[in-house]
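Student: Quick one, what's the 3D model for this:
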Amino acid sequence: MPKRAYTATEAARELGISVDTLRRWDREGRIRTKRDSANRRLVALEEIERIRGSAGAQHMSARNRLRGTVSEVRVEGLLAQVELTVTEPARIVAVVTRDAVEELGLKPGMAATAVVKSTSVMVEA
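Tutor: Modelled structure (predicted):
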């Protein structure tokens with residue numbers, strides 16, 4: 001059974017970020033934490049899942065996740081091009097397989113996340 005609350009170090013590891021980033025997110029209000037009796041940050045499992053984008057999703061080591069909305073899907077032969085309009089001031093275009101588009105059910109207007117790792121961009125719905 002998974003833990004219900006994680007220390008800052010454990011939560012940062014689960015999210016693929018540094019503890020300094022977690023502390024900054026806490027100060028900025030981007031992540032909700034509680035304090036224990038020794039005034040240490042605790043992060044609820046639900047909060048980790050919220051930040052990741054979905055409960056029970058398989059964890060990836062990618063640190064850069066950009067939430068957005070699918071604005072266009074172009075399928076040609078075996079490949080498909082998926083365009084996301086992300087909430088950050090950016091536009092992400094990923095070339096993925098047709099099978100991936102069909103498996104994820106990607107359609108313009110639906111929410112999706114661009115997972116950026118190295119020079120590759122993957123899409124998760």
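
Student: can you list the weak-confidence ranges in the chain?
Tutor: 1-2, 53-64, 87-89, 117-119 (pLDDT under 70).

Student: tell me the domain boundaries of it?
Tutor: Dividing the chain into domains by automatic domain parsing, as the record does, gives the ranges 5-52, 64-124.

Student: Redo those domains as a markdown table? Include mean neighbour count.
Tutor: In short, each C-beta sits where N, CA and C put it, glycine included. Supplementary listing: the domains of the chain in a markdown table, determined by neighbours: other C-beta atoms under 10 Å:
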| stretch | mean neighbour count |
| --- | --- |
| domain 5-52 | 15 |
| domain 64-124 | 15 |
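
Student: what residues are up against Lys107?
Tutor: Residues touching Lys107, when contacts are defined by C-beta atoms under 8 Å, 6 or more residues apart in numbering, comprise Val70, Val73.

Student: how about it, secondary structure?
Tutor: For Lys107, the secondary-structure state derived from DSSP: H, G, I helix; E, B strand; the rest coil is coil.

Student: show me where this protein has helices.
Tutor: Counting by DSSP state H, residue ranges of the helices within the chain are 8-15, 19-28, 45-52, 98-104.
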